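# The sequence and its predicted three-dimensional model are supplied below.
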Amino acid sequence: MNEPVTSLIPLPRAVNGSAGSFRLETTTSLSADPGAEAVSGWLRAALGPATGCPLPPGEGGIRMRLDPGLPPEGYLLDVTPAGVHIGGGSAAGVFYGAQTLRQLLPPAALRRAAISAGPWEIPAQRITDEPRFAWRGVLLDVARHFMPVSDVLRFIDLAVFHKLNVLHLHLTDDQGWRIEVPGLPRLTEVGSWRSASMLGSRGHERYDGRPHGGYYTTADLREIVAFAAARHITVVPEVDMPGHMQAAIAAYPELGNGFAGPVRSAWGISEHVLNVGPEALDFCRAVLDHVCDVFPGELIGIGGDECPTTEWRDSPSARQRIRAEGLAGPHELQPWFTARLAEHLATRGRRLFGWDEILAGGAPPGAVVAAWRGRAPTTHAVRAGHQVVACPDIAVYLDYRQSDDPGEPTPVGTRLTLADVFAFDPVPDGLSESEAALVLGGQANVWTEHLESARRVDYQAFPRLCAFAETVWGPPGRDFAGFSARLPAHLARLDALGVGYRPLTGPRPWDARPDAPGHPRDLAGRLAELHEMTAGLRRVAT
Ligand code: TNX
């Protein structure tokens with residue numbers, strides 16, 4: 001009898017060990033029933049190079065099939081000495097069963113070329129598994145630092161290795177516009193690069209003096225979407241508006257409120273926001289039309305976070321809009337604007353996805369909210385009847401520092417240890433059952449002000465993303481000691497995959513970035529700030 005396998009991440013619902021083991025051989029065949037063919041192709045390509053097992057089609061060996069009796073994303077993985085059966089409630093379920101199978105093999109099977117002749121043994125066992133949440137997301141900010149397509153694809157592979165299923169792609173911000181839009185060439189000619197980047201946090205006023213830029217062509221984005229779809233990941237695109245728009249305004253100053261300046265080099269929030277005149281609205285509609293053409297998912301992100309109204313207070317076009325629409329003041333302009341975008345997306349059969357700031361003044365019906373300003377907005381969103389994705393900064397912002405060690409690279413935000421991320425639960429306390437049902441799941445956000453390369457993203461994202469995966473896949477009531485016991489074996493997998501994760505022992509000397517100093521925050525201070533920031537939502541709720 002094998003001991004139940006204890007090193008899988010995320011932890012499956014049930015693992016029952018049995019006698020003996022299955023050995024993957026060069027002669028092992030792989031068959032897939034209708035609906036599971038694509039997953040078998042994926043597994044063949046994933047395992048072949050490292051194991052030398054080509055997994056030719058044929059009976060016996062590994063068999064994959066759909067099993068309508070299982071939950072849609074659930075699977076049943078049966079390993080016996082005679083063969084491996086993977087049943088899935090859908091192709092996605094089969095795919096997750098195949099991901100589990102990969103984790104059950106020795107780590108050398110995860111490499112991209114053969115360094116070992118095996119034996120490729122898998123202990124006999126039966127695993128039944130299904131996710132707790134439908135939205136198991138990760139945000140990648142490719143606006144602050146552009147990430148080449150190959151690195152995005154690699155990141156997708158790492159996300160699905162942990163059974164995540166949503167990639168929220170933050171495509172535009174004050175510091176860069178990363179999506180080519182037909183008919184608007186200056187967005188990429190001008191908006192996709194900046195002359196320098198800030199080194200470290202604001203307040204230190206240091207710059208690197210080096211241009212940074214890059215953007216995705218339509219073909220690039222279609223490749224990302226198709227690569228993700230083949231791995232059962234939905235890409236949710238985000239074009240942030242009406243704030244976080246300085247790069248677009250640098251390209252087309254007529255979109256702004258008189259600002260005529262460059263793409264922003266400093267981090268932080270720009271006061272240079274979109275105007276609310278008819279041309280600016282047409283611009284947004286044209287951009288969203290293109291986004292809808294490229295991204296087939298139902299949800300389209302319009303951002304909506306952190307939009308200062310400073311410029312609107314003095315802007316003739318804003319005053320005119322306020323008068324014409326009978327609004328009470330500049331603070332009602334953003335809800336008005338967001339409602340227009342939601343209407344437009346509805347004409348394309350899509351729904352609006354926005355940060356929790358869109359709740360102020362009432363979010364459009366059917367909008368899905370990304371609740372990030374601490375935990376309270378998740379509750380506010382569901383009480384306002386919205387589906388919500390919980391991504392509180394103080395729990396799952398992976399740009400935040402991983403310890404108090406002064407050697408952490410550019411330490412920003414509150415301390416967010418591996419245990420802190422593991423303790424996250426997307427459903428806040430105090431929700432009724434029907435309210436809790438509106439919580440689609442959770443999302444870890446990788447903001448990249450201080451992450452200029454895939455290597456830096458690896459350090460911030462891992463192993464915390466492994467802990468996050470358990471919070472959205474596993475049932476509630478998980479235990480950190482058990483996770484910690486499974487982690488070393490999982491880190492050996494990440495080593496084989498070439499992931500530059502943060503060592504559990506802390507940063508190495510070369511992880512420090514003394515040239516890019518941070519700005520550590522304490523939790524009490526941040527909580528007070530979040531309380532203040534979300535006061536408007538509380539007024540609406542009461
Ligand atoms: C807040 S989360 C932001 C981002 C920053 C992040 C840094 C959100 C909707 N806005 O623009 O990158 O903090 O942690």
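Received, thanks.
# Specify the beta-bridge partners of the residue in the stretch 101-250 of the chain that the ligand sits nearest to.
Per CB to the nearest ligand atom, the residue of the stretch 101-250 of the chain with the smallest distance to the ligand is Asp141, at 6.1 Å. For glycine as for every other residue, the C-beta is placed from the backbone atoms N, C-alpha and C. Here Asp141 shows beta-bridge partners His170, assigned using DSSP bridges.
# Close to the ligand: what parts of the chain are there?
Counting by CB under 6 Å from any ligand atom, the residues of the chain close to the ligand are Asp305, Glu306, Trp355, Trp372, Tyr397, Asp399, Gly413, Trp447, Glu449.
# out of those residues, which are inside strands?
Using DSSP state E, the members of the residues of the chain next to the ligand that fall within strands are Trp355, Gly413.
# could you redo the residues of the chain next to the ligand as CSV and give each row neighbour count?
Rendered in CSV, the data for the residues of the chain next to the ligand read as follows (neighbours: other CB atoms under 10 Å):
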residue, neighbour count
Asp305, 17
Glu306, 17
Trp355, 24
Trp372, 24
Tyr397, 22
Asp399, 22
Gly413, 20
Trp447, 23
Glu449, 23
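# Put together a markdown table for the residues of the chain next to the ligand, with pLDDT on each row.
Formatted as a markdown table, the residues of the chain next to the ligand follow (pLDDT from 0 to 100):
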| residue | pLDDT |
| --- | --- |
| Asp305 | 97 |
| Glu306 | 96 |
| Trp355 | 98 |
| Trp372 | 98 |
| Tyr397 | 98 |
| Asp399 | 98 |
| Gly413 | 98 |
| Trp447 | 98 |
| Glu449 | 98 |
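# So which of the residues of the chain next to the ligand sit within helices?
Counting by DSSP state H, none of the members of these fall within helices.
# closest to Val79 among the residues of the chain next to the ligand?
Within the set of the residues of the chain next to the ligand, Tyr397 lies nearest Val79; the separation is 37.9 Å, counting by CB to CB.
# Pull the contacting residues for the closest one.
With contacts defined as CB atoms under 8 Å, 6 or more residues apart in numbering, the neighbours of Tyr397 are Trp372, Cys391, Gly413, Leu416, Ala444, Asn445, Trp447.
# make it 10 Å
Tyr397 is in contact with 139, 372, 391, 412-414, 416, 421, 444-447, 460, 464, counting by CB atoms under 10 Å, 6 or more residues apart in numbering.
# next one: Gly349
Gly349 touches Cys292, Glu298, counting by CB under 10 Å, 6+ apart.
# Phe259 against Pro253, yeah?
Yes: Phe259 lies in contact with Pro253 (CB atoms under 10 Å); the separation is 6.6 Å.
# Residues that sit against both of those two, list them.
Common neighbours of Phe259 and Pro253, counting by CB under 10 Å, 6+ apart, are His272.
# Show me which positions of the host helix or strand of Glu223 end up buried.
Counting by DSSP states H and E, the element that carries Glu223 is helix 218-229. Using 16 or more other CB atoms under 10 Å as the burial criterion, the residues of helix 218-229 that qualify are Asp220, Leu221, Ile224, Val225, Phe227, Ala228.
# the inter-axis angle of the helix or strand just after that helix versus helix 218-229?
Heading C-terminal from helix 218-229, the first helix or strand you meet, by DSSP H and E, is strand 234-238. With axes from the mean of the first three to the mean of the last three CA atoms, to 10 degrees applied, the angle from strand 234-238 to helix 218-229 works out at 140 degrees.
# tell me the mean pLDDT for strand 234-238?
Taken as a whole, strand 234-238 has a mean pLDDT of 99.
# just stretch 38-56 next, same as before
98.
# Kindly report the same for stretch 207-220.
Model confidence over stretch 207-220 averages 98 on the pLDDT scale.
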